[in-house]
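Undergrad: sequence and predicted structure are below.
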Amino acid sequence: MAEQAQYEELARQLSAIGAVKRDLARILPPDCPAGSATVLTLLGRYGEMRMSRLAELLAVDMSVTSRHVAHVADRGWIERSADPADKRSRILRLTPAGHARLDELSRRTSHLLADRLSDWSDHEVGLLIHLMGRLRESFGDCRATPHRLPRAHEATTDQPLITTRTPA
(Lines give C-alpha, C1' and ligand atoms only; values in the text may rest on other atoms or scores of the structure.)
Protein backbone atom coordinates (compact mmCIF):
# COMPACT_ATOMS: atom_id res chain seq x y z
CA MET A 1 0.00 0.00 0.00
CA ALA A 2 1.26 3.46 -0.84
CA GLU A 3 2.54 5.86 1.79
CA GLN A 4 0.54 8.89 2.96
CA ALA A 5 2.96 11.23 1.16
CA GLN A 6 2.26 9.41 -2.11
CA TYR A 7 -1.49 9.88 -1.70
CA GLU A 8 -0.96 13.55 -0.94
CA GLU A 9 1.14 13.94 -4.10
CA LEU A 10 -1.47 12.03 -6.10
CA ALA A 11 -4.15 14.43 -4.84
CA ARG A 12 -2.00 17.39 -5.99
CA GLN A 13 -1.44 15.82 -9.39
CA LEU A 14 -5.14 15.06 -9.84
CA SER A 15 -6.07 18.64 -8.97
CA ALA A 16 -3.62 19.82 -11.65
CA ILE A 17 -5.52 17.77 -14.27
CA GLY A 18 -7.80 20.81 -14.50
CA ALA A 19 -5.10 22.52 -16.58
CA VAL A 20 -5.12 19.61 -19.03
CA LYS A 21 -8.92 19.74 -19.25
CA ARG A 22 -8.81 23.51 -19.85
CA ASP A 23 -6.29 23.03 -22.66
CA LEU A 24 -8.53 20.39 -24.22
CA ALA A 25 -11.53 22.75 -23.93
CA ARG A 26 -9.62 25.50 -25.78
CA ILE A 27 -9.54 23.44 -28.98
CA LEU A 28 -13.32 23.12 -29.11
CA PRO A 29 -15.05 25.08 -31.86
CA PRO A 30 -16.79 28.26 -30.62
CA ASP A 31 -20.24 26.79 -31.33
CA CYS A 32 -19.51 23.62 -29.35
CA PRO A 33 -18.71 24.31 -25.69
CA ALA A 34 -17.52 21.53 -23.39
CA GLY A 35 -21.03 20.58 -22.20
CA SER A 36 -22.22 20.15 -25.77
CA ALA A 37 -19.12 18.14 -26.67
CA THR A 38 -19.77 15.87 -23.71
CA VAL A 39 -23.38 15.29 -24.79
CA LEU A 40 -22.19 14.32 -28.27
CA THR A 41 -19.47 12.09 -26.83
CA LEU A 42 -21.89 10.25 -24.54
CA LEU A 43 -24.45 9.73 -27.31
CA GLY A 44 -21.65 8.52 -29.57
CA ARG A 45 -20.38 6.09 -26.93
CA TYR A 46 -23.67 4.75 -25.56
CA GLY A 47 -26.11 5.32 -28.43
CA GLU A 48 -29.59 6.72 -28.15
CA MET A 49 -30.94 7.34 -24.67
CA ARG A 50 -33.51 9.20 -22.62
CA MET A 51 -32.76 12.63 -21.20
CA SER A 52 -32.85 11.17 -17.70
CA ARG A 53 -30.09 8.69 -18.57
CA LEU A 54 -28.01 11.49 -20.12
CA ALA A 55 -28.43 13.60 -16.97
CA GLU A 56 -27.27 10.61 -14.93
CA LEU A 57 -24.19 10.10 -17.11
CA LEU A 58 -23.39 13.82 -17.01
CA ALA A 59 -23.92 13.79 -13.23
CA VAL A 60 -25.80 17.09 -13.45
CA ASP A 61 -29.30 18.35 -12.81
CA MET A 62 -31.98 17.81 -15.47
CA SER A 63 -32.17 21.58 -16.09
CA VAL A 64 -28.46 21.69 -16.97
CA THR A 65 -28.90 18.65 -19.21
CA SER A 66 -31.85 20.33 -20.93
CA ARG A 67 -29.73 23.40 -21.75
CA HIS A 68 -26.96 21.25 -23.23
CA VAL A 69 -29.47 19.20 -25.22
CA ALA A 70 -31.23 22.33 -26.52
CA HIS A 71 -27.88 23.71 -27.67
CA VAL A 72 -26.90 20.62 -29.66
CA ALA A 73 -30.45 20.12 -30.98
CA ASP A 74 -30.60 23.74 -32.21
CA ARG A 75 -27.49 23.04 -34.28
CA GLY A 76 -28.97 19.87 -35.75
CA TRP A 77 -26.45 17.54 -34.08
CA ILE A 78 -29.08 15.46 -32.27
CA GLU A 79 -32.72 14.69 -32.71
CA ARG A 80 -35.30 14.31 -29.98
CA SER A 81 -38.18 11.94 -30.59
CA ALA A 82 -40.99 10.60 -28.46
CA ASP A 83 -40.16 7.48 -26.50
CA PRO A 84 -42.56 4.76 -27.71
CA ALA A 85 -42.58 3.25 -24.19
CA ASP A 86 -43.41 6.58 -22.52
CA LYS A 87 -44.73 9.44 -24.66
CA ARG A 88 -43.74 11.96 -21.96
CA SER A 89 -40.06 11.09 -22.40
CA ARG A 90 -37.76 11.93 -25.27
CA ILE A 91 -35.18 9.71 -26.90
CA LEU A 92 -32.00 11.50 -27.96
CA ARG A 93 -29.87 10.30 -30.86
CA LEU A 94 -27.06 11.70 -32.96
CA THR A 95 -27.89 12.94 -36.45
CA PRO A 96 -25.45 12.57 -39.38
CA ALA A 97 -24.35 16.16 -38.64
CA GLY A 98 -23.83 15.15 -35.00
CA HIS A 99 -21.68 12.20 -36.02
CA ALA A 100 -19.64 14.52 -38.24
CA ARG A 101 -19.18 17.03 -35.40
CA LEU A 102 -18.19 14.22 -33.01
CA ASP A 103 -15.62 12.97 -35.56
CA GLU A 104 -14.20 16.49 -35.81
CA LEU A 105 -13.98 16.80 -32.01
CA SER A 106 -12.24 13.44 -31.81
CA ARG A 107 -9.70 14.48 -34.45
CA ARG A 108 -8.99 17.76 -32.63
CA THR A 109 -8.52 15.98 -29.32
CA SER A 110 -6.33 13.26 -30.80
CA HIS A 111 -4.14 15.86 -32.54
CA LEU A 112 -3.68 17.86 -29.34
CA LEU A 113 -2.83 14.77 -27.30
CA ALA A 114 -0.42 13.56 -29.99
CA ASP A 115 1.26 16.96 -29.94
CA ARG A 116 1.48 17.28 -26.14
CA LEU A 117 2.61 13.67 -25.66
CA SER A 118 4.97 13.52 -28.65
CA ASP A 119 7.93 12.78 -26.40
CA TRP A 120 6.12 9.89 -24.68
CA SER A 121 6.67 6.31 -25.82
CA ASP A 122 3.78 4.15 -26.95
CA HIS A 123 4.34 2.12 -23.79
CA GLU A 124 4.02 5.22 -21.57
CA VAL A 125 0.79 6.32 -23.29
CA GLY A 126 -0.59 2.79 -22.93
CA LEU A 127 0.41 2.70 -19.29
CA LEU A 128 -1.33 6.04 -18.65
CA ILE A 129 -4.51 4.75 -20.31
CA HIS A 130 -4.36 1.57 -18.25
CA LEU A 131 -3.73 3.36 -14.95
CA MET A 132 -6.43 5.99 -15.56
CA GLY A 133 -8.88 3.17 -16.31
CA ARG A 134 -7.92 1.44 -13.06
CA LEU A 135 -8.32 4.70 -11.15
CA ARG A 136 -11.83 5.16 -12.53
CA GLU A 137 -12.72 1.54 -11.71
CA SER A 138 -11.46 2.01 -8.14
CA PHE A 139 -13.85 4.90 -7.67
CA GLY A 140 -16.72 3.05 -9.32
CA ASP A 141 -19.82 4.96 -10.27
CA CYS A 142 -19.42 7.81 -7.79
CA ARG A 143 -22.61 9.43 -9.15
CA ALA A 144 -24.73 6.63 -7.73
CA THR A 145 -22.78 5.76 -4.57
CA PRO A 146 -22.22 8.72 -2.27
CA HIS A 147 -19.42 8.05 0.18
CA ARG A 148 -20.00 9.26 3.72
CA LEU A 149 -17.31 11.65 4.83
CA PRO A 150 -16.19 11.33 8.46
CA ARG A 151 -17.29 14.11 10.78
CA ALA A 152 -14.55 16.26 12.29
CA HIS A 153 -14.91 14.57 15.68
CA GLU A 154 -14.52 11.13 14.05
CA ALA A 155 -11.12 11.86 12.51
CA THR A 156 -8.18 10.36 14.34
CA THR A 157 -4.51 11.18 14.12
CA ASP A 158 -3.91 8.22 11.81
CA GLN A 159 -7.04 8.92 9.73
CA PRO A 160 -6.98 12.30 7.98
CA LEU A 161 -10.22 14.20 7.58
CA ILE A 162 -11.51 13.72 4.04
CA THR A 163 -12.90 16.87 2.48
CA THR A 164 -14.19 17.93 -0.92
CA ARG A 165 -11.63 20.73 -1.02
CA THR A 166 -9.08 20.32 -3.79
CA PRO A 167 -5.49 20.75 -2.64
CA ALA A 168 -3.31 23.19 -4.55
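TA: Looks like it arrived, so ask away.
Undergrad: what residues does stretch 104-118 touch?
TA: 23-24, 27-29, 32, 37, 40-41, 124-125 (CB atoms under 8 Å, 6 or more residues apart in numbering). In this view, the C-beta of every residue, glycine as well, is placed from N, C-alpha and C.
Undergrad: list only buried entries from the residues you listed.
TA: The neighbour count (16 or more other CB atoms under 10 Å) marks 24, 28, 32, 37, 40 as buried among those.
Undergrad: reformat those residues as a markdown table; add distance to Val64 and pLDDT.
TA: Below are the buried ones among the contacts of stretch 104-118 laid out as a markdown table (distance: CB to CB, whole Å; pLDDT from 0 to 100):
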| residue | distance to Val64 | pLDDT |
| --- | --- | --- |
| Leu24 | 20 | 93 |
| Leu28 | 18 | 95 |
| Cys32 | 17 | 96 |
| Ala37 | 15 | 96 |
| Leu40 | 16 | 98 |
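Undergrad: hang on, the earlier thing: closest one to Leu94 out of the contacts of stretch 104-118, please.
TA: Lowest distance from Leu94 to the contacts of stretch 104-118 (CB to CB) belongs to Leu40, with 6.9 Å.
Undergrad: which non-adjacent residue is nearest the closest one?
TA: Leu102 (4.7 Å; CB to CB, 6 or more residues apart in numbering).
Undergrad: can you pull the contacts of that neighbour?
TA: 40-41, 44, 94.
Undergrad: remind me, longest helix of the protein?
TA: As assigned by DSSP state H, the longest helix anywhere in the chain is helix 4-26.
Undergrad: quick one: list the elements packing against that helix.
TA: helix 96-116 (3 or more CB pairs under 8 Å, 6 or more residues apart in numbering; DSSP states H and E).
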